[in-house]
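# Okay, predicted coordinates and the sequence, questions at the end:
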Amino acid sequence: MAEKKEKKKCALITGGSRGIGRAVCIRLAKDSDYHILINYNSNKEAALETLKEVQQAGASGEIMQFNVIDAEVVQSALTTWEEANPDAIIEALVNNAGITKDGLFMWMPKEDWSSVINTSLNGFFNVTNHLIQKLLVNKYGRIVNMVSVSGLKGTPGQTNYSAAKGAVIAATKALAQEVAKRNVTVNAVAPGFIKTDMTSELNEKELKAMIPANRFGEAEEVAHVVSFLISKKASYITGETININGGIYS
């Protein structure tokens, strides 16, 4: 009888073209044997740049365009990819796509509330829900959700973002218990102030004063933790939220 061919193992990183997402793609390229799937919404150029760095790090990869907000588009993009790659399996998922629309709640337009909730929370549902059954059949999987210090302690001016990330933290804890028997772990990583495009508008000098470590973090520092949680070494860690915030009380 012919031996069953082992499937090509892949890791999907949503919002993988820039910032923390890019750092995670590159780190996984260095630390793991995964074929890296770099999801992006609109910035193809940035996604291709990430792919180049993934390949330079010695891994294979490809870019994958879809907006996590749109359930039908997510379904269609992932199904099309699965049909084209019957010998592959997405074994690791990093739900990193997220946006901020900061402002005081009193003056917050409904669109700013909805778009932030849709991207982080519904995006988590749309991608994870499509893949979870396959991970359970596979009897192995790693899911890491990118959350935030805002989801733990709440940040003024970010009621929408705090609500979205807080919800994903709760979902992480619940889903982890549902799938643990099948060797699927679900964890969250909660960065504080990290140097990325998303924080480039912030007054770093002023904000450093409230961070015990007295600096902003680097995207690479977050990526190392994600890489560990995705590795086999982290198989007994699930339902956890790991803070990477330089000591900000959370």
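Structure received. Model, not experiment: these values are computed from the prediction.

# What residues does Leu104 make contact with?
By CB atoms under 8 Å, 6 or more residues apart in numbering, the residues touching Leu104 are 156-157. C-beta coordinates here come from the backbone N, C-alpha and C atoms, glycine included.

# what are the phi and psi angles of it?
Main-chain dihedrals, Leu104, degrees, to the nearest 10: phi -70, psi 140.

# I'd like to know how far it sits from Phe193.
20 Å (CB to CB, to the nearest Å).

# for the protein, which spans come out with low pLDDT?
Scanning the chain for pLDDT under 70 picks out 1-4, 198-202, 250.

# what's the longest helix in it?
Across the chain, the longest stretch assigned as helix under DSSP state H is helix 159-179.

# That one: which residues count as buried?
Within helix 159-179, the residues that qualify as buried are 159-169, 171-172, 175-176, 179, counting by 16 or more other CB atoms under 10 Å.

# Beyond it, next helix or strand please.
strand 184-191 (DSSP states H and E).

# what helices or strands is that next one leaning on?
In terms of contacts (3 or more CB pairs under 8 Å, 6 or more residues apart in numbering; DSSP states H and E), strand 184-191 is packed against helix 123-138, strand 141-146, helix 149-153, helix 159-179, helix 219-230, strand 241-244.

# Give me the residues contacting the shortest one.
Put plainly, it is strand 241-244. Strand 241-244 is contacted from outside by 147, 149, 152, 169, 172, 187-192, 194, 217, 221-222, 225, 229, 250, using CB under 8 Å, 6+ apart.

# Show the buried residues in those residues.
The buried subset of the contacts of strand 241-244 - by 16+ other CB under 10 Å - is 147, 149, 152, 169, 172, 187-192, 194, 217, 222, 225, 229.

# Got phi/psi on the residue nearest to Lys195 when sequence neighbours are not counted?
If the residues on either side of it in the chain are set aside, Lys195 comes closest to Phe216, at 4.8 Å by CB to CB, 6 or more residues apart in numbering. Main-chain torsions, Phe216, degrees, to the nearest 10: phi -80, psi 150.

# Isn't Phe216 up against Lys208?
Yes - between Phe216 and Lys208 a contact is recorded at 7.1 Å, counting by CB atoms under 8 Å.

# ok, so of the buried residues of helix 159-179, who is nearest Asn203?
Asn203 lies nearest to Tyr161 out of the buried residues of helix 159-179, by CB to CB, at 18.1 Å.

# residue contacts, the closest one?
98, 100-102, 116, 120, 148, 150-151, 155.

# For the residues you listed, name the two members farthest from one another.
Maximum pairwise distance in these, criterion CB to CB, is 15.5 Å, between Lys101 and Gly151.

# okay, these two: which has more neighbours?
Gly151 (25 against 16; other CB atoms under 10 Å).

# now the more buried one: how far from Gly19?
Taken as CB to CB, the span from Gly151 to Gly19 is 17 Å.

# Kindly report the same for Glu91.
Noted for Glu91: a distance of 24 Å to Gly19, by CB to CB.

# got it, and Gly217?
Between Gly217 and Gly19 the computed distance is 12 Å (CB to CB).

# cool, Tyr161 as well?
From Tyr161 across to Gly19, the span is 15 Å (CB to CB).
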